[in-house]
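Colleague: Requesting a structural model of the entry that follows:
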Amino acid sequence: MRRLLLILAVMATSLVLAPSAAATASPAATATTAATATTAATTTAATTTTAATTTTAATATRAATSAVAAAAATTCVSAESASYRHSFNGPAGTVTITATRPLCAGESQTVALASYTAAGTPGTAAGQFVYDTATGRLTGGNRSLTLKVAVPGCLTQVVAFFGTAVQTELTSTGAPYGSAKLGSAAGRSTGPLSWYAGGAAACTMTPTVAYTYACDGTFVATLANGAGANTSAVFLTGGRRIRLSPGGSTTVNAAAGATLTVRDSSFTTHVATWRSPATGCAAAPPQAPAMPVAQPATAAPTASPSASAAPATTAPLTTEPVFDAPAAYPTFADKAAKAITARTGMGLGSVLLIALGVLMVGAGIAAIAYLVRQNRSHA
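Modeller: This next block holds a predicted model:
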């Protein structure tokens, strides 16, 4: 209990003496403390101002740089002074190219991608023959394009270049297309050299051309690739490129009088013109049969006048000859004549003679009556 009271007494004394000590503190110490606080505040303000100024300057520099870059990126250039960047994948047969700055209106740049089959190791004089091609055009509104070609599964070569002049055959020992290749040292496109040579086996194809001749002067060429080939065969004819897989075939028609030239990927040229078929041509088609000469029909018999009829002299009744009409113009039966025959049992000629006789009898009776009246009047 005594200890608790002692502790409470000490605490009360401390509370009383603390304000007095603070009040009697040295004025110099107080001034020093205030000066220190003021200096710290000034230093902090200066540091903040410097940092803000530095940040503002850096931001302005970045904005100016971005504006310059944006202006450079949107300013158009001519095709001759344009630069590009590209990516190339030879085994897959793809290339993507992009203009770093847009081309001006009316300006364009063509790009081509080509693959080849090789009779030997690419880069040697063994020779390569075009297998597939793709072309595209960069313009102000089309700054990027991707091209893709088929790649044979044997010794091959794939190359991308500026322009569209694809060489159908290569025999040079060097990389083809020179500085026009994308990525070449003197080229205008940044990226890998766009020339790939690969494959493990030599390309073996068996292209054939057979002809079938017609008697009208035309003929048909059948192009085919043997089933045992390890890659597609390619045929070039009349500006066309035809690729046939192993066992495939197609036909090309040649007009009368034409000469057909075909170059295949075995470096063989086929030239053909029309010739008479081995089986010969049949005789000329027969002419249409001439129209048969029409024969006149037999005249109908003349009917004899009745004994009671007045004598009269009449010309014999004749019937016009009837000719067979051409097949294209059908004839139609005389329905009136058939109806008279069906009702009277007599032909048309007989009916006409009887009618004529009746008319003559009537005329005679009228003449007699007239004479009788004249005689009476005189009497």
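Colleague: From here on, just use CA atoms for contacts and neighbour counts.
Modeller: Noted.
Colleague: name the helices or strands packed onto the helix or strand containing Ile97?
Modeller: Using DSSP states H and E, Ile97 maps to strand 94-99. The contact analysis (3 or more Cα pairs under 8 Å, 6 or more residues apart in numbering; DSSP states H and E) places strand 94-99 against strand 84-89, strand 144-148.
Colleague: nearest to Pro207, of the ones you listed?
Modeller: Closest approach to Pro207 among these (Cα to Cα): strand 144-148, 25.1 Å.
Colleague: other SSEs contacting that closest one?
Modeller: Counting contacts by 3+ Cα pairs under 8 Å, 6+ apart, strand 144-148 packs against strand 94-99, strand 108-118, strand 128-139.
Colleague: Apply 10 Å and report the result again.
Modeller: Applying 3 or more Cα pairs under 10 Å, 6 or more residues apart in numbering; DSSP states H and E, one finds that strand 144-148 contacts strand 84-89, strand 94-99, strand 108-118, strand 128-139.
Colleague: elements contacting the third one?
Modeller: Right, the one you point to is strand 108-118. strand 94-99, strand 128-139, strand 144-148, strand 156-162, strand 169-170, strand 195-198.
Colleague: how about a cut-off of 6 Å?
Modeller: strand 128-139, strand 156-162 (3 or more Cα pairs under 6 Å, 6 or more residues apart in numbering; DSSP states H and E).
Colleague: any idea which of those strands is most buried?
Modeller: strand 156-162 (a mean of 28; mean count of other Cα atoms under 10 Å).
Colleague: ok, and what's touching that strand?
Modeller: By Cα atoms under 6 Å, 6 or more residues apart in numbering, the list of residues contacting strand 156-162 from outside reads 90, 110-118, 180-182, 194-199.
Colleague: Would you mind writing the ChimeraX command to select the buried ones in these?
Modeller: Those of these that count as buried under 16 or more other Cα atoms under 10 Å are selected in ChimeraX with:
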select :90,111,112,113,114,115,116,117,118,180,181,182,194,195,196,197,198,199
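Colleague: Redo the helices and strands packed on strand 108-118 as CSV? Include mean pLDDT and distance to Asn253.
Modeller: Shown next, in CSV, are those (pLDDT from 0 to 100; distance: least, Cα to Cα, whole Å):
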stretch, mean pLDDT, distance to Asn253
strand 128-139, 95, 23
strand 156-162, 94, 31
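Colleague: closest to Asp264 out of those strands?
Modeller: Closest among the helices and strands packed on strand 108-118, using Cα to Cα: strand 128-139, at 8.6 Å.
Colleague: Send me that closest one as PDB with only the CA atoms.
Modeller: Taking C-alpha atoms only, strand 128-139 is exported to PDB below (Å, rounded to 0.1, in the frame of the first residue of the first chain):
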ATOM      1  CA  GLN A 128      15.300 -24.800-111.600                       C
ATOM      2  CA  PHE A 129      11.800 -24.600-113.100                       C
ATOM      3  CA  VAL A 130       9.100 -22.300-111.800                       C
ATOM      4  CA  TYR A 131       6.600 -24.000-109.500                       C
ATOM      5  CA  ASP A 132       4.400 -21.300-108.100                       C
ATOM      6  CA  THR A 133       4.200 -17.500-108.100                       C
ATOM      7  CA  ALA A 134       2.400 -14.700-106.300                       C
ATOM      8  CA  THR A 135       2.500 -10.900-106.800                       C
ATOM      9  CA  GLY A 136       1.100  -7.900-105.000                       C
ATOM     10  CA  ARG A 137       1.200  -4.100-105.100                       C
ATOM     11  CA  LEU A 138       1.900  -1.600-102.300                       C
ATOM     12  CA  THR A 139       0.100   1.800-102.600                       C
END
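Colleague: Now do it and strand 144-148, the angle between them.
Modeller: Angle of strand 128-139 versus strand 144-148, following axes from the mean of the first three to the mean of the last three Cα atoms, to 10 degrees, is 160 degrees.
Colleague: neighbours around the closest residue to Gly217 other than its chain neighbours, how many?
Modeller: Leaving out its chain neighbours, the residue that sits closest to Gly217 by Cα to Cα, 6 or more residues apart in numbering is Ala256, at 4.5 Å. By other Cα atoms under 10 Å, 14 other residues sit near Ala256.
Colleague: where does the stretch 51-200 of the chain dip in pLDDT?
Modeller: Confidence mapping of the stretch 51-200 of the chain against pLDDT under 70 gives the ranges 51-74, 121-126, 173-175.
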